[in-house]
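coords please:
(4 chains)
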There are 2 protein chains.
Amino acid sequence: MSKRPDKSSSNRLSSSPPDELNHIPLLKILSSADRQRVLQDLTEQHYTKRDVIFREGDPTEFFHIVKEGTVKCVKSSPEGKECTLKMLMPGDLFCCDAAAFEGARHPGTAQPMGDVSILRMNKKSYFDMLRRNPDAAIEVIKHLGNRLNEAQEKAKVLALDRADQRLASLLVDLATKNGVKDPQGIKLPMRLTRQDMANMVGTTTETAIRIMSRFKRDRLVSGTATRLIIRDLAGLKALASA
Amino acid sequence: MSKRPDKSSSNRLSSSPPDELNHIPLLKILSSADRQRVLQDLTEQHYTKRDVIFREGDPTEFFHIVKEGTVKCVKSSPEGKECTLKMLMPGDLFCCDAAAFEGARHPGTAQPMGDVSILRMNKKSYFDMLRRNPDAAIEVIKHLGNRLNEAQEKAKVLALDRADQRLASLLVDLATKNGVKDPQGIKLPMRLTRQDMANMVGTTTETAIRIMSRFKRDRLVSGTATRLIIRDLAGLKALASA
DNA sequence: AAAAAAACATGATGTAAATCATGTTTTTAA
DNA sequence: TTAAAAACATGATTTACATCATGTTTTTTT
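All right, here's what the predicted structure looks like:
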């Protein structure tokens, strides 16, 4: 399924396998009756690398859940520099808050890293669900709390650490949260260029390349964008907080 | 009242003027019956500059609201460097999320900038309140969403901007959100040293001093820690995004 | 399979900001 | 009110990193 990600196609979810949706913590905690109701309001969208899900400054209309693939949250400066704030993975919620404000606008752009499926729901249905279901609201609070901690940890790293430490932190983070086991070490599950990494740690592509070359020489990592492998997680951790 | 901030004193709130608490958005939306109930569970704490409210790594026990004064959220690195993530002002909630996790620990230290009063409530009472009151939960979601946006905006600024731009952004932010009118311009309502500023924008004290001297020369600001005045907000805004 | 476009690589040079250093002024505490 | 401690100030030196530049390899597209 989902083998047709042409140009942002959308599907009704009403009678899709509920199995797939059990990976999503927020949906798991609903009563099965309420889950049925929620499924009525959710639609599935497909996007490719070239699409944008929404752009910085757009009015907020929907609450979103990543079903499949990776989505990056990006902000850009007037001079055209970009900064990637967060990689969203399956199960992650987004715009669970911005939607809370009347006339709110998206603070950043959401862009797929490849082919992705997104579940979404309009504001009204979303808030109705939260009001019916206090445990769902608390689940969202939990999720937002996590995101806030991550964002603050990221700010700390940006404020205090050198570029190589920031990059090491990033790799440790991605490996820990999203890495999959591999004979050679830990494989990162998304295509990630040096440029992507640079945008995530606030440095230039050239610097990211130089640092990654050093990491490669020191057997901390191997491979490039298409197949990036963490070979020495402990080594990277040591570097990150040294 | 609250003229006795010796060593973290605490008071019952049960029969205190409910007027004072109407500044706090979260409490305002409760039904008056439920507000009474919540007041039973809230206690007021007093702290001074020298105290810490809680320390990074401490287990989370309470949900907090700033009633009076300013509280800073700080993280520190193994080498002793410090980074101030956020200034909390009256009405701000904190630990509205960390408390959500069993065995959670505080991701940062909370420290008063002077004499402060804090309202607090234990985890259980807090979550009971949220479960009884979906609108309160949504208010917390709103608040967390705001905090997340701020944190991400801060990360962006740290990642992309020069030190003088970061400092200008900080001053614009503080002036806009917390500044009070003054014959000379906009006065910042808390004592704020060059060192404090440096910790907030990820630079050194010396650099913050040099930049502030330049801002002073250019008539963008005047005064020092005890009485810091923004004289040309537009000028600072221009610098922040230049 | 060939052409085009990204991604990766590495050197040379410039610069923002850290670090070290020393002195003055202001604030806080005894 | 005087001593001690922060806070503010400014110069000299070093350094991490950006910028510019040019070339190779890999990936994507036609």
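
name the element the closest residue in space to A:Leu144 that isn't next to it in sequence belongs to?
Closest residue in space to A:Leu144, ignoring its immediate chain neighbours: B:Leu144 at 4.0 Å, by Cβ to Cβ, 6 or more residues apart in numbering or on different chains. Bear in mind the C-beta positions are built from the backbone N, C-alpha and C, glycine included. According to DSSP states H and E, B:Leu144 maps onto helix B:134-160.

ok, what's across the strand from the residue nearest the centre of chain A?
Most central in chain A under Cα atoms, centre = their mean is A:Leu88, positioned 0.9 Å from the mean C-alpha point. Applying DSSP bridges to A:Leu88 gives these bridge partners: A:Val71.

For it, give me the pLDDT.
According to the per-residue confidence, A:Leu88 scores 98 in pLDDT.

again with the one 5 residues further on
On the pLDDT scale, A:Leu93 is placed at 97.

where along chain A do the helices fall?
With helices called from DSSP state H, chain A shows them at A:25-28, A:32-41, A:123-132, A:134-160, A:163-178, A:194-201, A:205-217, A:233-240.

Take those and lay them out in JSON lines including mean neighbour count, mean pLDDT and distance to B:Ser76.
JSON lines is the format used below for the helices of chain A (neighbours: other Cβ atoms under 10 Å in any protein chain shown; pLDDT from 0 to 100; distance: least, Cβ to Cβ, whole Å):
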{"stretch": "helix A:25-28", "mean neighbour count": "17", "mean pLDDT": "94", "distance to B:Ser76": "32"}
{"stretch": "helix A:32-41", "mean neighbour count": "14", "mean pLDDT": "94", "distance to B:Ser76": "43"}
{"stretch": "helix A:123-132", "mean neighbour count": "18", "mean pLDDT": "95", "distance to B:Ser76": "36"}
{"stretch": "helix A:134-160", "mean neighbour count": "22", "mean pLDDT": "97", "distance to B:Ser76": "9"}
{"stretch": "helix A:163-178", "mean neighbour count": "20", "mean pLDDT": "98", "distance to B:Ser76": "15"}
{"stretch": "helix A:194-201", "mean neighbour count": "22", "mean pLDDT": "98", "distance to B:Ser76": "20"}
{"stretch": "helix A:205-217", "mean neighbour count": "16", "mean pLDDT": "98", "distance to B:Ser76": "25"}
{"stretch": "helix A:233-240", "mean neighbour count": "17", "mean pLDDT": "98", "distance to B:Ser76": "15"}
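
what about the ones you listed, which gets the closest to A:Thr70?
helix A:163-178 (8.3 Å; Cβ to Cβ).

Between helix A:233-240 and that closest one, find me the angle.
Relative orientation of helix A:163-178 and helix A:233-240, computed by axes from the mean of the first three to the mean of the last three Cα atoms, to 10 degrees: 140 degrees.

Which elements pack onto helix A:163-178?
Here helix A:163-178 touches helix A:134-160, helix A:194-201, helix A:205-217, strand A:229-230, helix A:233-240, going by 3 or more Cβ pairs under 8 Å, 6 or more residues apart in numbering or on different chains; DSSP states H and E.

number of nearby residues for A:Val52?
14 (other Cβ atoms under 10 Å in any protein chain shown).

how close does it sit to B:Ile229?
42 Å (Cβ to Cβ, to the nearest Å).
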